[in-house]
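> can you look at this prediction? I've put the sequence above it.
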Amino acid sequence: MPYFDAASAAPLHPVARQALLASLDEGWADPARLYREGRRARLLLDAAREAAAEAVGCRPDELVFTPSGTRAVHAGISGALAGRRRVGNRLVVSAVEHSSVLHAGEALASVGGTVTEVPVGRSGAVDADAFTAALAVAGTALACLQSANHEVGTEQPVAEIAEACRAASVPLLVDAAQSLGWGPAPEGWSLLTASAHKWGGPAGVGLLAVRKGVRFAPQGPSDERESGRAPGFENLPAIVAAAASLRAVRAEAAAEGARLRGLVDRIRARVPELVPDVEVVGDPVRRLPHLVTFSCLYVDGETLLSELDREGFSVSSGSSCTSSTLTPSHVLRAMGVLSEGNVRVSLPSGTTEEDVDRFLAVLPGVVATVRERLGASGAVVSAPAPSGSLVVDSLGKRCPIPVIELAKVIGDVPVGGTVTVLSDDAAARLDIPAWCEMRGQAYVGEETSAAGGTAYVVRRTS
């Protein structure tokens with residue numbers, strides 16, 4: 001059964017499994033002790049640190065292991081901000097950073113700090129000029145930028161932003177969780193974080209690298225472990241397995257990345273041909289080799305993922321229809337693309353052409369089935385239609401119903417006429433403008449509705 005969610009957690013690499021089992025026998029003792037078992041454990045820890053530092057491109061004494069990638073991000077941001085508190089308490093991030101970065105920003109804001117989110121374009125790449133301008137604001141203590149986006153695969157202009165950070169004397173934290181297993185870490189970073197389970201290592205191991213010369217003050221209680229930056233007894237078997245698998249996947253990355261890029265290119269090209277009303281999102285060229293994301297109009301994301309699971313395919317989604325909060329992905333929202341029926345396919349190493357061909361064979365029928373189910377309920381016109389306008393009441397209905405009902409009635413008004421959709425679903429604010437972009441209609445805007453929720457106005461152009 002194909003597993004297509006490697007961006008969430010890659011399957012354990014065979015080298016990781018071997019190293020994990022071996023180090024359970026050899027690396028169980030306290031590496032801080034001077035007796036034989038402790039010395040053996042220390043040798044394993046030092047070797048793992050050297051291997052990870054080589055992959056990251058830093059000195060071994062600049063890198064520590066943390067209990068997770070999230071902890072690495074939180075420790076890196078809080079330590080860098082504390083080390084530069086005399087400069088200010090302002091953090092600059094892109095609008096599509098991983099939630100761990102945004103949560104650290106929320107913590108900063110809660111104690112009086114400032115967080116500036118720099119917008120991205122429709123491809124998901126950050127606006128480099130806007131980021132550079134944000135760095136110039138007085139009091140900026142730290143900037144954060146992912147190397148590649150976790151939801152759509154778009155690579156960020158890290159080198160350009162790093163140069164701007166150097167010019168502004170602002171340290172740059174790069175979240176390399178998604179890209180480190182696929183190639184060298186980007187140049188120019190001051191701090192770098194990553195997570196082992198993204199490249200086929202065991203869960204529960206993160207990396208935090210801090211360049212010498214970067215002002216850094218670890219926050220919270222600390223001890224003598226990991227330079228005081230990740231207190232607590234090291235999970236040595238997992239660390240050894242993480243470092244061994246990172247070295248292994250990096251050795252395979254060029255060949256396997258090229259092969260998977262070809263499979264992803266096939267998905268990107270074939271899905272719009274096989275399934276009507278689909279938008280492939282993310283940069284088509286500057287992207288991770290193994291990841292592709294597309295959104296299907298008129299589809300309930302949760303049902304779509306469940307039906308694909310029935311067919312044996314494990315995929316993920318940024319759709320609000322699969323979220324307990326019923327709000328669309330902050331990444332898709334920032335990009336201004338469709339969130340309904342969103343599917344992220346991220347291929348693990350070893351994915352075959354047969355796996356991809358079967359996915360492409362199954363997908364059209366699954367989407368058609370889900371659309372047929374949702375099409376059973378017709379549009380509800382709730383107000384008498386003045387000449388050239390209609391009002392559709394979608395209050396109380398969740399995505400993708402408001403867009404489905406809009407699509408059903410847009411042909412009932414003349415060219416130049418308008419359809420007003422009443423909706424209290426948070427996803428409608430993103431999906432209705434995105435639908436207009438896809439279907440060549442004009443999005444007029446929104447206003448508060450006296451009937452409740454929001455009124456979204458669309459003008460028919462063709």
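Sure, I can see it.

> please determine how far Leu192 is located from Glu62.
Separation of Leu192 from Glu62 (CB to CB, to the nearest Å) stands at 9 Å. To be clear about C-beta, it is placed using only N, CA and C from the backbone, and glycine gets the same treatment.

> now do the shared contacts for these two.
Residues touching both Leu192 and Glu62 (CB atoms under 8 Å, 6 or more residues apart in numbering): Ala209.

> out of the two, which sits in the more crowded spot?
Between Leu192 and Glu62, Leu192 has the larger neighbour count (other CB atoms under 10 Å), namely 27 against 19.

> dump the residue contacts of the more buried one.
Shown in contact with Leu192 (CB under 8 Å, 6+ apart): 56, 58, 173-176, 185, 207-209.

> where does the stretch 251-400 of the chain have low pLDDT?
319-327, 376-387 (pLDDT under 70).

> so where do the strands sit in it?
Using DSSP state E, counting those that start in this stretch, the strands found in the stretch 251-400 of the chain span residues 278-281, 291-296, 342-346, 389-393.

> can you get me a residue count around Tyr35?
9.

> ignore what I typed, I meant Val115.
18.

> which strand residues sit across from it in the sheet?
Under DSSP bridges, the beta-bridge partners of Val115 are Leu91.

> give me the helices and strands touching the helix or strand hosting Ser245, please.
Using DSSP states H and E, the element containing Ser245 is helix 236-274. Applying 3 or more CB pairs under 8 Å, 6 or more residues apart in numbering; DSSP states H and E, we find helix 236-274 packed against helix 14-26, helix 36-56, strand 278-281, strand 291-296, helix 353-374.

> neighbouring strands of the third one in the sheet, and parallel or not?
Sheet partners assigned to strand 278-281 using DSSP bridges are listed as strand 291-296 (antiparallel).

> what sits against Val15?
By CB under 8 Å, 6+ apart, the residues touching Val15 are 244-245, 247-248.

> show me where the stretch 51-200 of the chain has helices.
Secondary structure of the stretch 51-200 of the chain by DSSP state H, counting those that start in this stretch: the helices cover 69-83, 99-110, 128-135, 158-168.

> re earlier: between the helices and strands packed on helix 236-274, which gets nearest to Ser306?
Using CB to CB as the measure, helix 353-374 is the one of the helices and strands packed on helix 236-274 that comes nearest Ser306, at 9.2 Å.

> centre of the chain versus the closest one, how much separation?
Mean-position distance between helix 353-374 and its chain equals 24 Å (CA atoms, centre = their mean, to the nearest Å).

> now stretch 437-448
Here stretch 437-448 is found 27 Å from its chain centre; the criterion is CA atoms, centre = their mean.

> what comes up buried for that stretch?
By neighbour count with 16 or more other CB atoms under 10 Å, stretch 437-448 contains the buried residues 438-439, 441, 446.

> what sits up against stretch 2-12?
If you take CB under 8 Å, 6+ apart as the criterion, stretch 2-12 is touched by 150-151, 153, 178, 181, 197-203, 245, 288, 290-291, 312-316, 344-349, 351, 355, 358-359.

> ok, back up a step: and which of the contacts of Val15 is nearest to Gly301?
If you rank the contacts of Val15 by distance to Gly301 using CB to CB, Ser245 comes first, at 31.8 Å.

> you'd agree that closest one is up against Ala19?
Yes - contact criterion CB atoms under 8 Å: Ser245 and Ala19 qualify, at 7.1 Å.

> before we move on, the earlier item: return the member of the contacts of Val15 nearest to Arg460.
Of all those, Arg460 sits closest to Ser245, with 54.6 Å by CB to CB.

> the closest one: neighbour count?
Ser245 sits with 29 neighbouring residues when counted by other CB under 10 Å.

> list the contacts of it.
Going by CB under 8 Å, 6+ apart, Ser245 touches 12-13, 15-16, 19, 196, 199-201.

> what is the most widely separated pair among those residues?
Farthest pair in the contacts of Ser245 (CB to CB) is Ala19 and Trp199. Separation: 13.4 Å.

> for the spatially most central residue of the chain, which non-adjacent residue is spatially closest?
Nearest to the geometric centre of the chain sits His150, at 2.6 Å (CA atoms, centre = their mean). Nearest residue to His150, sequence neighbours excluded (CB to CB, 6 or more residues apart in numbering): Gln178, at 5.2 Å.

> do Ser314 as well
Leaving out its chain neighbours, Ser314 is closest to Tyr3 (CB to CB, 6+ apart), at 4.7 Å.

> name whatever forms a beta bridge with Arg344.
Residues in beta-bridge contact with Arg344 (DSSP bridges): Thr293, Ser316.

> so which of the strands of the stretch 251-400 of the chain gets nearest Gly416?
For those, distance to Gly416 was read as CB to CB. The smallest value, 10.2 Å, belongs to strand 389-393.

> from the chain's centre, how far out does that closest one sit?
Taking CA atoms, centre = their mean, one finds strand 389-393 lying 36 Å from the centre of the chain it belongs to.

> repeat for stretch 146-165
For stretch 146-165, the distance to the chain centre is 12 Å (CA atoms, centre = their mean).

> what comes up buried for stretch 339-350?
Using 16+ other CB under 10 Å as the test for burial, stretch 339-350 gives 339-349.

> could those residues be laid out in JSON lines, adding distance to Leu363?
Output for the buried residues of stretch 339-350, formatted as JSON lines (distance: CB to CB, whole Å):
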{"residue": "Ser339", "distance to Leu363": "18"}
{"residue": "Glu340", "distance to Leu363": "16"}
{"residue": "Gly341", "distance to Leu363": "11"}
{"residue": "Asn342", "distance to Leu363": "14"}
{"residue": "Val343", "distance to Leu363": "8"}
{"residue": "Arg344", "distance to Leu363": "13"}
{"residue": "Val345", "distance to Leu363": "10"}
{"residue": "Ser346", "distance to Leu363": "16"}
{"residue": "Leu347", "distance to Leu363": "15"}
{"residue": "Pro348", "distance to Leu363": "19"}
{"residue": "Ser349", "distance to Leu363": "22"}
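
> farthest-separated two in those?
Within these, Glu340 and Ser349 form the most distant pair, 30.8 Å apart (CB to CB).

> buried residues in stretch 183-203?
Within stretch 183-203, the residues scored as buried using 16+ other CB under 10 Å are 183, 185-186, 188-203.

> same question for stretch 224-241.
Neighbour counts using 16+ other CB under 10 Å place 225-226, 229-231, 234-241 of stretch 224-241 among the buried residues.

> ok, stretch 421-431 next?
Under the neighbour-count criterion of 16+ other CB under 10 Å, stretch 421-431 has 421-431 buried.

> before we move on, what about stretch 49-57?
The neighbour-count check on stretch 49-57 (16+ other CB under 10 Å) flags 49, 51-56 as buried.

> do the same with stretch 398-406
For stretch 398-406, the neighbour count (16+ other CB under 10 Å) marks 398-406 as buried.
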